[in-house]
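> this is the structure alone, sequence omitted:
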């Protein structure tokens with residue numbers, strides 16, 4: 001929902017990532033559509049983050065659209081079939097502001113993120129996301145999409161091995177920004193055991209708590225092949241749109257180069 005931070009939202013972020021030679025991952029719950037990203041950030045390498053909906057035909061439509069729009073991977077979030085209790089959202093009775101929409105559902109599904117007294121995002125998730133997911137559903141996705149599937153939300157070597165055995169080409173070691181379950185480990189703590197278990201057979205990546213170049217360095221040193229970050233890019237987006245995101249990425253790159261030196 002990045003248009004809450006800046007009018008150009010995900011488009012500006014994707015353009016910045018493309019200019020800096022990075023990958024941009026578009027959320028299912030984006031305020032810019034797959035088609036907008038295809039048209040306005042054609043040079044950016046784009047991945048699509050997916051939630052599996054109760055309506056499997058809706059999920060299939062999202063995946064087919066991503067394929068047609070030139071996205072290079074499907075990143076399935078496996079740690080959030082039920083959302084954690086986000087107290088700030090509940091207290092604020094979060095709703096998507098007027099004039100903004102979940103752009104990937106325009107024309108195929110009308111339900112938006114609106115609060116009926118609690119958190120609109122939690123109400124949306126409870127009504128739409130399939131909370132009965134198993135590894136068979138991951139296998140189902142792998143078997144019907146033409147794109148490689150990455151499992152996002154892995155925190156144990158056992159789940160990484162299951163992701164591998166069910167056809168995933170990579171995993172993102174992630175704790176969903178520590179917003180799902182209290183007491184989860186930091187992703188950097190569990191990265192080494194996951195790399196040791198599957199790092200020679202699939203691509204191991206990491207997100208969570210990455211805000212400086214030294215964070216990137218440590219993750220790479222412990223075996224991650226890619227390192228993702230979310231909040232710092234949104235901060236840059238809120239300050240100055242695409243230019244703000246570019247500035248954040250330049251700072252992180254400079255810090256990484258300084259650490260390497």
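All right, it came through fine. Every value quoted in this text rests on a predicted model; they were computed, and no experiment measured them.

> residue ranges with poor pLDDT in the stretch 151-261 of the chain?
In the predicted model of the stretch 151-261 of the chain, residues 178-181 satisfy pLDDT under 70.

> where along it do the helices fall?
157-165, 187-198, 213-221, 231-260 (DSSP state H, counting those that start in this stretch).

> could you dump those helices to JSON lines with distance to residue 6 and mean neighbour count?
Where you see a C-beta, it was placed from the backbone N, CA and C, and this is true even at glycine. Formatted as JSON lines, these follow (distance: least, Cβ to Cβ, whole Å; neighbours: other Cβ atoms under 10 Å):
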{"stretch": "helix 157-165", "distance to residue 6": "34", "mean neighbour count": "19"}
{"stretch": "helix 187-198", "distance to residue 6": "27", "mean neighbour count": "19"}
{"stretch": "helix 213-221", "distance to residue 6": "24", "mean neighbour count": "18"}
{"stretch": "helix 231-260", "distance to residue 6": "5", "mean neighbour count": "17"}
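
> do you know which of these lies nearest residue 7?
Checking the helices of the stretch 151-261 of the chain against residue 7 by Cβ to Cβ gives helix 231-260 as the closest, at 7.9 Å.

> that closest one packs against which elements?
helix 9-19, helix 213-221 (3 or more Cβ pairs under 8 Å, 6 or more residues apart in numbering; DSSP states H and E).

> now those helices as a markdown table including distance to residue 46?
As requested, those are arranged in a markdown table below (distance: least, Cβ to Cβ, whole Å):
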| stretch | distance to residue 46 |
| --- | --- |
| helix 9-19 | 7 |
| helix 213-221 | 21 |
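
> quick check: which of these is nearest to residue 238?
Smallest distance to residue 238 across these (Cβ to Cβ): 10.5 Å, for helix 9-19.

> fine by me, we can end here.
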